[in-house]
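Asker: Quick one: sequence and predicted model below, then my questions.
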Amino acid sequence: MPDRLYEILKQAQQDENVRGAVLYGSRVNREIQPDPYQDYDIYFIVQAVERFDVSSISGVKLSFEPSRVYPALFPDECVYLMLFEDDSRVDLTVCTLKTFLEKHNKGELMRCLLDKDGKIPSLNQSDASGTWVSPMDEKMFQDTCSEFFWEIQNMVKGLKRDALSYAMFIRDISLRDMLNRLIDQCIGMRNEFRVSVGTLGKFRKNYLRQDEYDLYQKTYRSNTQRDRIDSLFYMLDLFSLMGKWVAAARRFDYPEEKEQVVRDYLQRVGLTGR
């Protein structure tokens, strides 16, 4: 057992308020290649959340408590994010058994580390299907295309006004969410929807062809106004490529007309790529 996990488990064993401990996240998923930056994602099952004293955990050099800053997002639990002196990291959620069962035990991969009272039910230790890409239907496909093409003119507005934060928000939130949705569909379809792209798509690189990933990287260019304009065209080209691939494979109708409206609009306002 790694030293940090041993120390955390010892803390749970010594604290009468803590009745169980459950490990989840990447360290439970055998499909994920371990690396030095993996967190220890742990639930402490307690009798009373308010009685838990996080200061009893030693060796913490940096911490953040999102449940204190954003209490509405974490009802009936406390969350402590901790970086230790050895550079290991623990994301600790403290909750009662009732909260754990109602909110967290939803089929995610987990492993029971400690159960003092024998009340933690059988956990999913091997089935990772809950993290796999899900197929979209045609309505979701059409909605994704419509939102993407609409948001392009919003980014153009930001670019033409030289409003950096506005243009980048539209690109990296509104547009990118739709682009990533189609990219993930391609990845899922190529792997029979038996694959996960990971948290925030961190594994997309592993599943895209090299030419696709090269184009994807170009959508992040930002250093100059020229870069930002080019990134918009790279994004449009990649969305078109992925959208047409998904449409052909699933026999959906790809909205060629909307894409052409957008390309004509870009030309009229004087934006050209590359």
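Answerer: Ah, there it is.

Asker: Could I get the full set of helices for the chain?
Answerer: 3-14, 66-69, 97-99, 138-160, 164-169, 176-190, 204-207, 210-218, 225-250, 256-268 (DSSP state H).

Asker: Show me what counts as buried in the last one.
Answerer: Right, helix 256-268. Using 16 or more other Cβ atoms under 10 Å as the burial criterion, the residues of helix 256-268 that qualify are 258-259, 262, 266. For every residue, glycine as well, the C-beta is placed using N, CA and C.

Asker: got CSV for the residues you listed, with pLDDT and distance to Glu108 too?
Answerer: CSV is the format used below for the buried residues of helix 256-268 (pLDDT from 0 to 100; distance: Cβ to Cβ, whole Å):
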residue, pLDDT, distance to Glu108
Lys258, 97, 38
Glu259, 98, 38
Val262, 97, 39
Leu266, 96, 43
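
Asker: Could you dump the residues you listed into a markdown table and include distance to Arg51?
Answerer: Below are these laid out as a markdown table (distance: Cβ to Cβ, whole Å):
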| residue | distance to Arg51 |
| --- | --- |
| Lys258 | 57 |
| Glu259 | 58 |
| Val262 | 57 |
| Leu266 | 60 |
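
Asker: Kindly provide the distance from the spatially closest residue to Leu5 that is not a sequence neighbour to Thr93.
Answerer: Ranked by Cβ to Cβ, 6 or more residues apart in numbering and with sequence neighbours excluded, the top spatial neighbour of Leu5 is Tyr40, at 5.9 Å. In this structure, Tyr40 and Thr93 are 12 Å apart, going by Cβ to Cβ, to the nearest Å.

Asker: Spit out the residues that contact these two alike.
Answerer: Common neighbours of Tyr40 and Thr93, using Cβ atoms under 8 Å, 6 or more residues apart in numbering, do not exist here.

Asker: Ignoring the adjacent residues along the chain, who's closest to Ala163?
Answerer: Using Cβ to Cβ, 6+ apart, the nearest residue to Ala163 is Lys157, at 7.7 Å.

Asker: Could you do Leu109 as well?
Answerer: Once flanking residues are discounted, Leu109 sits nearest to Val28: 4.4 Å by Cβ to Cβ, 6+ apart.

Asker: how deep is the residue lying closest to Leu179 once chain neighbours are set aside tucked in, by neighbour count?
Answerer: Once flanking residues are discounted, Leu179 sits nearest to Phe239: 5.3 Å by Cβ to Cβ, 6+ apart. Residues within reach of Phe239, counting by other Cβ atoms under 10 Å, total 24.

Asker: again, but for Asp237
Answerer: 15.

Asker: That one is in contact with Leu215, isn't it?
Answerer: Yes. Using Cβ atoms under 8 Å, Asp237 is in contact with Leu215, at 6.7 Å.

Asker: what's next to stretch 237-247, contact-wise?
Answerer: With Cβ under 8 Å, 6+ apart, stretch 237-247 has contacts from 141, 145, 148, 178-179, 182-183, 185-186, 189, 212, 215-216, 219, 252-254, 259.

Asker: cool, and stretch 190-205?
Answerer: With Cβ under 8 Å, 6+ apart, stretch 190-205 has contacts from 31-32, 128-129, 131-135, 180, 183-184, 187-188, 207, 213, 216.

Asker: try it again with 7 Å
Answerer: Contact with stretch 190-205 is made by 128, 131-135, 180, 183-184, 187-188, 207, 213, as judged by Cβ atoms under 7 Å, 6 or more residues apart in numbering.

Asker: Return the item of these having minimum pLDDT.
Answerer: pLDDT across these is lowest for Ala128, at 83.

Asker: if I look at that one, how far off is Asn29?
Answerer: Taking Cβ to Cβ, one finds Ala128 at 6 Å from Asn29.

Asker: what residues do the two have in common as contacts?
Answerer: Leu109.

Asker: returning to that earlier point: distance to Asn105 for the helices of the chain - can I get that in CSV?
Answerer: Listed next are the helices of the chain as CSV, based on distance: least, Cβ to Cβ, whole Å:
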stretch, distance to Asn105
helix 3-14, 18
helix 66-69, 19
helix 97-99, 10
helix 138-160, 28
helix 164-169, 36
helix 176-190, 26
helix 204-207, 29
helix 210-218, 35
helix 225-250, 34
helix 256-268, 43
